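# 3D, please:
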Amino acid sequence: MREHLAVLRGLGADAVPVRRAEELDTVAGVVLPGGESSVIDKLSRMFGVADPLRRRIADGMPVYGTCAGLIMLADTVLDAIDGQQSLGGLDVSVRRNAFGNQNDSFETDLDIPQLGEAPVHAVFIRAPVVESVGERATVLASLPDGRVVAVEQGGLLGTSFHPEVTGEHRFHERFLDRVRTAS
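Prediction:
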């Protein structure tokens, strides 16, 4: 999470970590970082953040999810562990660890016209993949084999990869544009 905070602060945002439900009232948008989606789910419910965050998402708060954060935003999580829940809001189905384990992590360049002409250098670490995209969501990027790895829907943005670790700031800029528009 500290990488996301550093990128957002570097772009001029007043970015703060959110760990408790009452802290949600102080922010105009949220970044859901990578990690283990089942642990993020359990902790968010244990600390009473999941339901308030679901309500804020339903009310239109912008959210950017990377890797596990994308899983948390998905309406449907394929191969979820027993009892795992997502926050929902993004009209997609995702598959956890779709590219294999840590040893199967990889990097590639992606063409994403919505972010400009220069390719996006993407780092995939035990990454999910978007298996299906509903009518409300838009594909931003796919791998050459057609697997979808970046999507958006209104104020929601999700990537299978980690732009925060490569110095790629255009997704964070897009997220901040959504925050400014929603405020």
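
# List the buried residues in the longest helix along the chain.
The residue-count maximum for a helix in the chain (DSSP state H) belongs to helix 170-182. Buried positions in helix 170-182, judged by neighbour count with 16 or more other C-beta atoms under 10 Å: 171, 172, 174, 175, 176, 178, 179. The way it works is simple: take the backbone N, C-alpha and C, and place the C-beta from them, glycine included.

# avg pLDDT for it?
On average, the pLDDT along helix 170-182 is 96.

# Just the residues contacting that helix, thanks.
Contact with helix 170-182 is made by 4, 7-8, 11, 13, 28-29, 31, 60-62, 64, 112, 114-116, 120, 150, 152, 154-155, 157, 159, 163-164, as judged by C-beta atoms under 8 Å, 6 or more residues apart in numbering.

# mind running it again at 6 Å?
7, 8, 13, 28, 29, 62, 64, 115, 155, 157, 163 (C-beta atoms under 6 Å, 6 or more residues apart in numbering).

# What pLDDT is listed against the residue nearest the centre of the chain?
What sits nearest the mean C-alpha location of the chain, by C-alpha atoms, centre = their mean, is residue 65, with 1.2 Å. According to the prediction, residue 65 has pLDDT 98.

# Can you name the secondary structure element that comes next after the helix or strand encompassing it?
Taking DSSP states H and E as the criterion, residue 65 maps to strand 63-66. Next helix or strand after strand 63-66 toward the C-terminus (DSSP H and E): helix 68-73.

# Quick check: which element contains residue 5?
With DSSP H and E as the test, residue 5 turns up in helix 2-10.

# And that helix, what's buried?
3, 4, 5, 7, 8.

# ok, those vs residue 54, which is closest?
Residue 54 has its nearest neighbour among the buried residues of helix 2-10 in residue 4, at 20.6 Å by C-beta to C-beta.
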